[in-house]
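[1] Provide a 3D model corresponding to the input given below.
(one chain, ligands or ions: 1)
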Amino acid sequence: MKMVLASRNRKKIAELQTLLGESFPDLELLSLDDVGFVGEIEETGETFEENALIKAQTACRVSGLPGIADDSGLAVDALNGAPGVYSARYAGGHGDDEANNAKLLSELENVPDEKRTASFICCMAVVWPNGKKVTVQGRVSGLILREKRGNGGFGYDPLFYYPPLGKTTAELSAEEKNAVSHRGSAVRELCRVLKDNKISG
Ligand code: IMP
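    Sure thing, here's the model as predicted:
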């Protein structure tokens with residue numbers, strides 16, 4: 001069984017192949033490059049779910065195979081859910097983690113500790129050639145610190161404090177983060193849903 005992941009990120013593909021492969025040993029995850037798609041997919045959605053569906057639909061359309069995609073980001077309660085779908089480009093340039101974290105700290109400068117609640121959210125979508133689609137969401141809740149802690153992870157991890165473990169997500173090992181993260185939860189939920197659907201569509 002082949003599926004096309006709407007990504008060119010080899011690390012993301014390998015990680016998902018491992019996680020999904022535990023439940024579906026016959027699943028082979030292909031990338032957009034593997035199916036000869038050279039274009040960019042515009043993430044024009046206003047929600048994580050819309051963006052995941054746009055990406056999964058495109059992967060399906062260009063390959064004729066089931067398409068799979070994820071979209072994730074940080075939602076800060078005191079900022080009405082920002083940076084949300086703009087998480088990667090919050091400070092302007094795409095994926096500038098330093099600038100994004102600096103902007104987040106400055107936006108929250110006058111927000112007291114107890115109001116600095118936030119969640120990482122991950123939506124995953126699968127779209128089949130017959131038009132069937134499923135979406136799932138994973139979430140992890142925590143607090144935004146006033147300074148960075150830890151060297152692991154990426155993005156907003158050094159500012160995202162996870163109270164149950166008393167650490168930021170940048171201080172967790174990959175296994176620890178995967179066990180509690182929005183992405184880990186979304187993948188586990190997707191496995192359950194795909195099993196119920198026998199991943200045939
Ligand atoms: P993507 O949809 O997985 O590419 O994530 C979009 C953006 O959300 C990233 O560039 C990060 O800024 C942020 N983000 C998503 N997941 C995480 C995470 O696990 N830790 C820290 N930042 C994240």
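[2] now do the SS call for residue 189.
    Using DSSP: H, G, I helix; E, B strand; the rest coil, the structure places residue 189 in helix.
[3] count of neighbours near it?
    17 (other CB atoms under 10 Å). Any C-beta I mention is one placed from the backbone N, CA and C, and that applies to glycine too.
[4] residue 136 is in contact with that one, correct?
    Yes - contact between residue 189 and residue 136 holds when scored by CB atoms under 8 Å: they sit 4.2 Å apart.
[5] need the residues touching each of those two.
    The overlap between the contact sets of residue 189 and residue 136 (CB atoms under 8 Å, 6 or more residues apart in numbering) consists of residue 124.
[6] the residue sitting nearest the centre point of the chain: which element?
    Centroid-nearest residue in the chain, with CA atoms, centre = their mean: residue 72, separated by 3.2 Å. Secondary structure assignment for residue 72, by DSSP states H and E: strand 67-76.
[7] ok, residue 1 - contacts?
    24, 26-28, 199.
[8] can you check residue 7 too?
    Per CB under 8 Å, 6+ apart, neighbours of residue 7: 13, 31-32, 55, 69.
[9] just grab the bridge partners of the nearest residue to the residue nearest to the centre of the chain once chain neighbours are set aside for me.
    For residue 72, ignoring the flanking residues on the chain, the nearest one in space by CB to CB, 6 or more residues apart in numbering is residue 122 at 3.9 Å. Residue 122 has the following beta-bridge partners by DSSP bridges: residue 72, residue 138.
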